[in-house]
Every structure is written in structure tokens, then in C-alpha cells.
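Undergrad: okay, sequence plus prediction incoming.
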Amino acid sequence: MKPTFTQSLAQDTTGTPAGVRTAAWKASLLGAALLLGGCFTAGPDYQAPATPHPAAWSAPVAPDLAPPANGSAQTNALERWWTVFDDPILTNLIARAQAGNQDLRQAQARVLQARAEWAIARGDRLPAIDANGSAARTRASRQSGSGKAANQFANSLDASWELDFFGGKSRAIEAADATWQAAQEDLHDTLVTLCAEVALNYVNLRAYQTRLSITESNLASQVETYDIARWRCEARLATQLDVEQARLTLEQTRATIPTLRTSLDQTGHQIATLLGLEPGALQALLAEHCPIPAASREIALRMPVDVIRQRPDVRRTERKLAAQTAEIGVAAAKRYPSFTLSGSIGLEALEARNLYTAAARTANGAAAAAWTLFDNGKIRQNIAEQTALRDEALGLYQATILTALQDVEDALVAYANERTRRRALAAAAEAARNAFVLARDKYTSGLIDFSTLQTAQQSLLTAQDSQAAGEADVTGDLIRLYKALGGGWTSLPPETAPADGKP
């Protein structure tokens, strides 16, 4: 039940001149708007929640990640973290991904959509004006009327304006603004993930190339060993068993090459897809064998715990919390009356030639109020629903903070420990190489049996392959650390801001 009050502005029998009456109405409406507009804005005002966090990371920090001993504020920029690898191909791939990735284009479209919704919400606060025109011809019945035909021509401008006395529309604009900002942060989050995924796949591709080269090199060595075993068998210095064991090792190594080539090609296809290209588009660019990227200079990252605030997913959930807080005000404003001003000016005439004369002018205006007195608790329950959604958004924000902390801690642990593991793998590969050389010489001299040489040869391949994989893991863990810190989100040009400077 909505009781309404409407008073026509077009009717006045006091004899006051029209200009004076119009000015009086304008003054009274302006005064009422100022008086009521100063009431309050419904719903709670948003305050960013406190985000308590530990004073320092609990995970060990690798020496090349520690702040400089002199406390210098110079740090490695997170904006373009991939440049620490000094790999022009990687830099080129990331730039092309930023220009062509389809997920990034979808995120950019969502930003434009949110911006348009913000503009719609802002426009809803202003008056709406419609232009109308009509021409009609009617003929009365001869049985019930004169039977004559009549024309009517009309043009008019109609305006209506719902006054935002209790801030419902202001809260709607606030919610749309925060939603727009959340969409921008979603774009940034997509960018962070994209840069990391391109880099990780590129590192994997170089690792497969390195492992393939190691396998092919070991295969050539095993062919030589097979030939030695065959020659020794022909000279009756060894048995056919040695030959078959050498052939077994040779064919097992040969069987791993197709698997590595498959993984290599599939990784190249994945990189092309990330760049928005057909799968085979990068074959020429990536065909040349290059080493696994490694940081070419000291990485001096100052990493206070509150660095996680720059992560786009943290900022996105905070903006969603702000938007949902404003939605409470939108719902709460419906508890109060709504006030609408409407009016129309136009021309009406029975003949077209008289339509644009002074006598054809028409005007009317009205003020209306509506107030929901009973709705069986719908408004109250809607406020309760929006409040619960705000609490849910707060929980999501706090959970995102915890996830961000865990991501960085995990990346720090992995990077520090993988560096230690890499040193051990390098030492193991060197020992395996020395053991193989010694075993081959002793076997050729007839001092050991073939099984010892076979074990040394297999161990060499395993150790070298593990070393290559370890190099890739160190670089991959560093990339994951940059991703956990939100690195790369500012590498796109800023979105165009609207004329009033809104974000």
C-alpha cells in the first residue's frame, strides 16, 4: 500500500501572474530539496577493514632476496620482473601475450561493462527528459455523435526527476563505482597470472630442450659403449650378455626422446595459445635451443609482509566488500519516502498550421511522494540479506589475505630449498660424470664387468636430467614468488578515466 500526494503545478486561481507563480514554485521546491537533502544517507558508511598480519615472514629468505645490508631503499621493481632474466625472447613473448591473450581481452571487456553500469547508475540520479510528437485523425459515429472528422497535432517535452533525499541513488553509484574498481583489479589479476604462466611455460620449454640435448648426448655415448661391448665380444673378451645389456640401455634411452619431444611441442603450443595465436605459430621463434633462464643479477627485493596488499586479488575482494556495503544503503533507502518532480511543456492544435503558434502552448507540472507503509517485512529482510552478503564479502576478503600470505610463504620456502637442492644436484651430476669416465676406462681395460659400466652410464643420464630439471625448478619457484607478490599487474597502460576523474 503506497499512499501518494500529487499537486498540479498548472492550476492556480489566486490571480498571481504566471511568472511570479513559477518563481515561487521553483523557490519552494529548491528549499524543500535542500532541507530534506540534508537528512542523512541510508546505510553504513564503508570503512576498509583492518588486516592484521605477522611482523615478518616465517619462511627462510634466500640470500639474493634479502634487503641490502646498508638498508638501501633500492629494490628490484615488481612491475617488469621478467627482465631480471635478461632473455629478449621471454620479454617479447610476455609483451605479445599482453596484446593478444583472449582471457585478458575478456577481463578488459568486463571492465568496460562495469564502467557502463557505473555511468547508468550515475545517470539515474539526474532528471530524465523525453520528446514526443503525435498526429491523429478521428471520426465520430453518426449514430452516437456528430459524425464529423477531427485532427489533433501535438509536440511535447516531458521531464521527471526522482529526488535522492535519503541517499539510495548515491549508494547505488557508490556500489557501481566499487564494482568497476573490482573489475579493474580482476583485469590486473588476470595479467599477473598471464605473465607468470607465459614465463613458467617458457622455462619448461627450455628445460625440455636441455633435457632432450642431454638425452641425445647420452644416447651417442651409449652407442659408443654398445660398439665397445660388441667389439670386445667379437674379440672374445666379453660375452653376448654384455652386448645385450648395452643394447638394453641404449634402447631405453632412445625411447625417452619421443616423450621429451612431445612435451616440448605441447609446451610450445601452450605458449602460442597464451599469446592468442594458433598452436604452431611460434615454432620458428622457439626452435633454437637456448639455456634455461636464470636471474642474471642480484635480486634485492624488500619484502615487508604488507606487500600482499598490492596483490590484485586482495584489492579486488576489498572493492567487492565496499560495493556490498553500499548495497545495504540501497536497500535501507527504500524504508523512506520517495519524492518525484515531473512536468511537461508542449504544443497542441487541431490544425497543423496552428501547432507552432502562441495559442497552442501547453504546460503542466506535478510533485509526488510515495511511501511504503506495509510490505510484510520485505524491505527489512532485504536489508538483512544485503548485510549477510556484506559479512560474506568480509570473510572472503580475510580469507584472501590468508591465502596471499600462504602463497608468499610457500614460494619463499620452495625457492630457498630448491636452491640448496640445485647445488646438490650439480655436485651429483659432476660425480656421475667422473664415475662414468672411470668406469668406461676400466671396462675398456678389462678391469671391471659391464654391469658396473651400465650402472654408471644410467646414473649419469639420471643425474644430468635431474640437474636440468632442478635448474628449471629454481627459476620456476622465483617466478611463482613474483606472482605471489602480485608482480606484473602494473605492466598494462592505465585504463582511461572518465571526465570527472573517477577511477
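TA: Structure's in. What do you need?
Undergrad: and stretch 376-385, average pLDDT?
TA: Stretch 376-385 carries an average pLDDT of 91.
Undergrad: tell me which residues in that stretch are buried?
TA: Ile379, Asn382, Ile383 (16 or more other CB atoms under 10 Å). Just so you know, the C-beta spots here come from the backbone N, C-alpha and C atoms, and that holds for glycine as well.
Undergrad: report the distance from it to the chain centre.
TA: Using CA atoms, centre = their mean, to the nearest Å, we find the averaged C-alpha position of stretch 376-385 to lie 33 Å away from the chain's own average C-alpha position.
Undergrad: from here on, call the first residue 38.
TA: Okay, residue one is now 38; in that scheme the one you just asked about reads as stretch 413-422.
Undergrad: contacts for that stretch?
TA: Residues outside stretch 413-422 that contact it (CB atoms under 8 Å, 6 or more residues apart in numbering) are Ile365, Ala368, Ala369, Lys371, Arg372, Thr409.
Undergrad: of the buried residues of stretch 413-422, just say which sits nearest to Leu301.
TA: Taking CB to CB as the measure, Leu301 sits nearest to Asn419 out of those, at 57.2 Å.
Undergrad: what helix or strand is the residue located most distally from the centre of the chain on?
TA: Largest separation from the mean C-alpha position in the chain: Gln180, at 72.7 Å (CA atoms, centre = their mean). When elements are assigned from DSSP states H and E, Gln180 belongs to no helix and no strand.
Undergrad: quick check, pLDDT for it.
TA: Gln180 is assigned a pLDDT of 73 by the prediction.
Undergrad: can you report phi and psi for it?
TA: Note on Gln180: backbone dihedrals following degrees, to the nearest 10 are phi -80, psi -40.
Undergrad: can you map out the helices along the protein?
TA: Here the chain has its helices, by DSSP state H, at 55-74, 125-137, 139-160, 205-271, 277-311, 320-323, 349-369, 415-481, 487-521.
Undergrad: could you check the angle the fourth one makes with helix 125-137?
TA: Interaxial angle, helix 205-271 versus helix 125-137 (axes from the mean of the first three to the mean of the last three CA atoms, to 10 degrees): 140 degrees.
Undergrad: tell me the angle helix 205-271 makes with helix 349-369.
TA: Helix 205-271 and helix 349-369 meet at an angle of 150 degrees, taking the same axes, to 10 degrees as the criterion.
Undergrad: about what we covered before: want to throw the helices of the chain into TSV with distance to Leu115?
TA: Written out in TSV, the entries for the helices of the chain read as follows (distance: least, CB to CB, whole Å):
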stretch	distance to Leu115
helix 55-74	45
helix 125-137	14
helix 139-160	19
helix 205-271	10
helix 277-311	20
helix 320-323	26
helix 349-369	12
helix 415-481	12
helix 487-521	7
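Undergrad: most packed of those helices?
TA: Comparing these on average neighbours per residue, with mean count of other CB atoms under 10 Å, the densest one is helix 349-369 at a mean of 23.
Undergrad: quick one: mean pLDDT over that one.
TA: Helix 349-369 comes out at a mean pLDDT of 93.
Undergrad: quick one: distance of that helix to the chain centre.
TA: Chain-centre distance of helix 349-369: 17 Å, with CA atoms, centre = their mean.
Undergrad: between the helices of the chain, which gets nearest to Gly402?
TA: Closest to Gly402 of the helices of the chain is helix 55-74 (CB to CB; 7.5 Å).
Undergrad: break the protein down into its structural domains.
TA: The record's domain split for the chain, according to automatic domain parsing, is 38-75+165-200+374-407, 79-162+202-372+414-521.
Undergrad: thinking again about what came up before, for the buried residues of stretch 413-422, which one is nearest Asp264?
TA: Within the buried residues of stretch 413-422, proximity to Asp264 (CB to CB) peaks at Asn419, which comes in at 84.2 Å.
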